[in-house]
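> Take this sequence and fold it.
(chains A, B, C and D)
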2 protein chains.
Amino acid sequence: MRPGGRTARNTEAVLEATLTELGTRGYAGLTVERIATRSGVHKSTIYRRWGGVDGLLSTALARSGTGSWRPPQTGALHTDLLALLHRVTENFTSEREGPVATAAIAAAFESARAASALHDFFVDQHGRSAVVVEAAIARGEVPAGTDGREVVRSAVAPIYYRLFVSREPVTDADVELAARVATEASIAGLFCPVD
Amino acid sequence: MRPGGRTARNTEAVLEATLTELGTRGYAGLTVERIATRSGVHKSTIYRRWGGVDGLLSTALARSGTGSWRPPQTGALHTDLLALLHRVTENFTSEREGPVATAAIAAAFESARAASALHDFFVDQHGRSAVVVEAAIARGEVPAGTDGREVVRSAVAPIYYRLFVSREPVTDADVELAARVATEASIAGLFCPVD
DNA sequence: CCGCTACTGCAACTATAGTCGCATTATGGC
DNA sequence: GCCATAATGCGACTATAGTTGCAGTAGCGG
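Got it, this is the predicted structure:
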């Protein structure tokens, strides 16, 4: 192993090129050869180090999850979830991170490695996002013992469902409804394992 | 156009081979050449008539949605939704229809045609499934004006989210929770457009 | 500064997806 | 039954994904 110097520079160049390619051509047009040309790193080097597009997406996704992002806190669960859902929606239409997550979801259908990376990514996301539920518990807004991860899943699921399963547009009303359902269900204590 | 005779036989053979291939090799291993070999229809013919795997999946998906399936009626919204969700879960692990829908979801990331077919498929599914909500309205279980399609989306979304987005296993407890949240939200009137 | 070797570049190679022109077959109207 | 032609079969072709052997470069310990 020799992680420094040129190897590190190549890693940066290749992952950078991967993000740019995803932003312009999308997942369908993602090609190792094109990434090689854009990054200046030879095709065979990329295949040797990452194995293919699934490996590139997996590492790119893992990197994007290493940040120290925290969900915004507004003082009420409903508005917290609303802000979270708006961020998710925008995240998938944004320039840089969006195409990576979308491509990773697509790649997970073809590659076990990408599926594993995707799983880890969302486990991390759930944990970070669940903070807003902890705050709601602390405020006495929802019952103690409420499963924050489950609340987050329930809130975001309809958004992803519309985007990638039923392929329906996501409107502000849809976001509002998803946040409200998750909020009211939390208040009602539906997300308490020992109810 | 000359839809009868050999053309019809070829259509059956090719779509049948597509389903079999999906069941054995899955979407990642789906190839026009392999379908051509299995069906006995020449490769170029398949490309000319369906354009590629996305066209095959689109028509196969459209065909699977033409049945006269109706959701089971148990007499209460919660158990109706529970039965519906169990069917959805099993549907994606069953032998024949499951791989088609899974493959169509995957193909929708790469093909606008597959995305359109997928959209139509789920619009139809929502409409059929919403019958259980209509029955609940008739029983006075949920408020009149409740949007049945929205209830169905809310109920099934967490299942699809776990299966294809966060890549988490789907347990009976998850199904139960999803059905309960959708039921309680319906009773609370959250799915009434004019609340 | 020097040498070992991990890493990379290069080019040729195989395998397969998809296209195209042309000959052949079989359908549906008469 | 017969014909016009839609549909298909066939094979050769191009393009591209991915692999491999070999030579050259550069990181890192001495």
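> Return the distance of the residue positioned nearest the centre of chain A relative to DNA strand C.
Computing the C-alpha centroid of chain A and ranking residues by CA atoms, centre = their mean puts residue A:101 first, at 5.3 Å. Note on residue A:101: its distance to DNA strand C, by CB to the nearest atom of the strand, to the nearest Å, is 25 Å. In this view, the C-beta of every residue, glycine as well, is placed from N, C-alpha and C.
> Could you list the residues in contact with whichever strand or helix holds that residue?
Assigned by DSSP states H and E, residue A:101 belongs to helix A:97-107. Outside helix A:97-107, the residues within contact range by CB atoms under 8 Å, 6 or more residues apart in numbering or on different chains are A:19, A:22-23, A:26-27, A:30, A:53-54, A:57-58, A:60-61, A:64, A:91-92, A:114, A:117-118, A:121, A:164, B:106, B:109-110, B:164-165.
> the domain parsing of chain A - what is it?
The domain map for chain A lists A:6-51, A:77-187, with the assignment taken from automatic domain parsing.
> chain center to the last one, what's the gap?
Going back to what we said before, that points to domain A:77-187. 9 Å (CA atoms, centre = their mean, to the nearest Å).
> Now for chain A, the helix or strand with the poorest mean pLDDT.
helix A:97-107 (a mean of 90; mean pLDDT, DSSP states H and E).
> How about the helix or strand following it, which residues are buried there?
Sequence-wise, the next helix or strand downstream of helix A:97-107 (DSSP H and E) is helix A:112-129. For helix A:112-129, the neighbour count (16 or more other CB atoms under 10 Å in any protein chain shown) marks A:113, A:114, A:115, A:117, A:118, A:120, A:121, A:122, A:125, A:126, A:128, A:129 as buried.
> Equivalent analysis for stretch A:86-93, please.
Those would be A:86, A:88, A:89, A:92, for stretch A:86-93 by 16+ other CB under 10 Å.
> Give me the nearest residue to residue A:82, chain neighbours excluded.
residue A:179 (4.4 Å; CB to CB, 6 or more residues apart in numbering or on different chains).
> Measure how the helix or strand hosting the one you found sits relative to helix B:172-187, angle-wise.
Assigned by DSSP H and E, residue A:179 falls within helix A:172-187. Counting by axes from the mean of the first three to the mean of the last three CA atoms, to 10 degrees, helix A:172-187 lies at 110 degrees to helix B:172-187.
> re earlier: format the buried residues of helix A:112-129 as JSON lines; extra columns: pLDDT and distance to residue A:185.
Shown next, in JSON lines, are those (pLDDT from 0 to 100; distance: CB to CB, whole Å):
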{"residue": "A:113", "pLDDT": "94", "distance to residue A:185": "35"}
{"residue": "A:114", "pLDDT": "95", "distance to residue A:185": "32"}
{"residue": "A:115", "pLDDT": "96", "distance to residue A:185": "29"}
{"residue": "A:117", "pLDDT": "95", "distance to residue A:185": "30"}
{"residue": "A:118", "pLDDT": "96", "distance to residue A:185": "26"}
{"residue": "A:120", "pLDDT": "96", "distance to residue A:185": "27"}
{"residue": "A:121", "pLDDT": "95", "distance to residue A:185": "25"}
{"residue": "A:122", "pLDDT": "96", "distance to residue A:185": "20"}
{"residue": "A:125", "pLDDT": "94", "distance to residue A:185": "20"}
{"residue": "A:126", "pLDDT": "96", "distance to residue A:185": "16"}
{"residue": "A:128", "pLDDT": "95", "distance to residue A:185": "21"}
{"residue": "A:129", "pLDDT": "96", "distance to residue A:185": "16"}
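> okay if I get these as JSON lines plus distance to residue B:189?
Formatted as JSON lines, the buried residues of helix A:112-129 follow (distance: CB to CB, whole Å):
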{"residue": "A:113", "distance to residue B:189": "45"}
{"residue": "A:114", "distance to residue B:189": "41"}
{"residue": "A:115", "distance to residue B:189": "39"}
{"residue": "A:117", "distance to residue B:189": "41"}
{"residue": "A:118", "distance to residue B:189": "36"}
{"residue": "A:120", "distance to residue B:189": "39"}
{"residue": "A:121", "distance to residue B:189": "36"}
{"residue": "A:122", "distance to residue B:189": "31"}
{"residue": "A:125", "distance to residue B:189": "31"}
{"residue": "A:126", "distance to residue B:189": "29"}
{"residue": "A:128", "distance to residue B:189": "32"}
{"residue": "A:129", "distance to residue B:189": "27"}
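> show me which of these neighbour chain B.
Residues of these in contact with chain B (CB under 8 Å from any CB of the partner chain): A:115, A:118, A:122, A:126.
> what's the pLDDT at residue A:192?
On the pLDDT scale, residue A:192 is placed at 94.
> Need the nearest residue in space to it, chain neighbours excluded.
Here the residue nearest residue A:192, using CB to CB, 6+ apart, is residue A:145, at 4.6 Å.
> tell me the secondary structure for the one you found?
coil (DSSP: H, G, I helix; E, B strand; the rest coil).
> I'd like to know how many residues surround it.
Residues lying near residue A:145 (other CB atoms under 10 Å in any protein chain shown) number 12.
> The one 3 residues further on now?
Using other CB under 10 Å, residue A:148 has 21 neighbouring residues.
> show me the contacts for it.
Residue A:148 neighbours (CB under 8 Å, 6+ apart): A:126, A:129, A:130, A:131, A:132, A:133, A:134.
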